[in-house]
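Colleague: What follows is a predicted structure for the sequence shown.
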Amino acid sequence: MRLIVAALLVALSLFGSGFLRGKDRVPRTRADVVHAAGDLPASAGILPLGVWAAEGTTISSRGFGDGRAGQRLSRQWMVYDRCGVACRRWIARTTSEGVQRGPLERDRGHWIVVFERETEGCDTTRRGWQRQAFVFTVSPDRRHVSAVEVNNARFPNCRQLAPLRRTDMDATSTTTWTAALSSTTCPGFESCREPGGTADGAASLPPSA
């Protein structure tokens, strides 16, 4: 009897944790990437201004049709200051769908940025979400960066359970990155500064295939 009760408790615990993870992916993405980046050393300051050549390797991928473990990626990052009343450090990065932009935030000795967008579903008007979080650490020479990315997404009605039954599909991947500073100038921005915080100079970065 005790063995049966213990087995039930374990099953309920596993089911509950899985259910919570499925319901709570959006707010958890930041915590996921901080945990995944646990082995990264503390950053030697904030990311320097300029354009960076970044190379990534997908460590794991589930649910993304175009993602697989071992996949190699090449991207451009541009780090610049967005200035209004005060200045804040931002990063823009090329993706296969265009350019993403977001502010850098300090967290436990590293720098973090989170990109968010809506996703389309399958045979439904409901919208899902995608949340990509990066943790960066800058090398002591301030010309190299290491990073970890955790990408979580939900695609409404895209998981086939039976011929006439579907449910939402969750996807997740983890990618490691290294980047080298290739230019200390930023296309479209004098002194890598965006005045007023309104111009979209990040569009000068070409999309990646």
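Modeller: Yep, it's here. Numbering: from 1, shown residues only.

Colleague: Quick one: residues contacting Trp90.
Modeller: Shown in contact with Trp90 (C-beta atoms under 8 Å, 6 or more residues apart in numbering): 79-82, 101-104, 194. All C-beta atoms are positioned from the backbone trio N, CA, C, and that covers glycine.

Colleague: isn't Cys87 right next to Cys192, touching?
Modeller: No - using C-beta atoms under 8 Å, Cys87 makes no contact with Cys192, being 10.5 Å away.

Colleague: Find residues that contact each of the two.
Modeller: Asp81.

Colleague: Which one of those two is surrounded by more residues?
Modeller: Cys192 (22 against 14; other C-beta atoms under 10 Å).

Colleague: In which helix or strand does the residue nearest to Ala36 when sequence neighbours are not counted reside?
Modeller: Closest residue to Ala36 apart from its sequence neighbours, by C-beta to C-beta, 6 or more residues apart in numbering: Val148 at 5.0 Å. Using DSSP states H and E, Val148 sits within strand 144-162.

Colleague: Over to Ser74?
Modeller: Per DSSP H and E: strand 72-83 holds Ser74.

Colleague: same thing with Thr58?
Modeller: With DSSP H and E as the test, Thr58 turns up in strand 50-62.

Colleague: Packing partners of that strand?
Modeller: strand 72-83, strand 144-162, strand 165-183 (3 or more C-beta pairs under 8 Å, 6 or more residues apart in numbering; DSSP states H and E).

Colleague: pLDDT of the first one, averaged?
Modeller: Confidence for strand 72-83, expressed as mean pLDDT, is 94.

Colleague: partners of that strand in the sheet?
Modeller: Strand 72-83 pairs in its sheet with strand 50-62 (antiparallel), strand 87-95 (antiparallel), strand 193-195 (parallel), by DSSP bridges.

Colleague: Buried residues of that strand, list them for me.
Modeller: 73, 75-82 (16 or more other C-beta atoms under 10 Å).

Colleague: same question, the last one
Modeller: Going by neighbour count (16+ other C-beta under 10 Å), the buried part of strand 165-183 is 166, 168-177, 179, 181.

Colleague: thinking again about what came up before, will you turn the strands paired with strand 72-83 into CSV that also has distance to Trp129 and mean pLDDT?
Modeller: Below are these laid out as CSV (distance: least, C-beta to C-beta, whole Å; pLDDT from 0 to 100):
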stretch, distance to Trp129, mean pLDDT
strand 50-62, 17, 95
strand 87-95, 16, 93
strand 193-195, 27, 87
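
Colleague: All good on my end, thank you.
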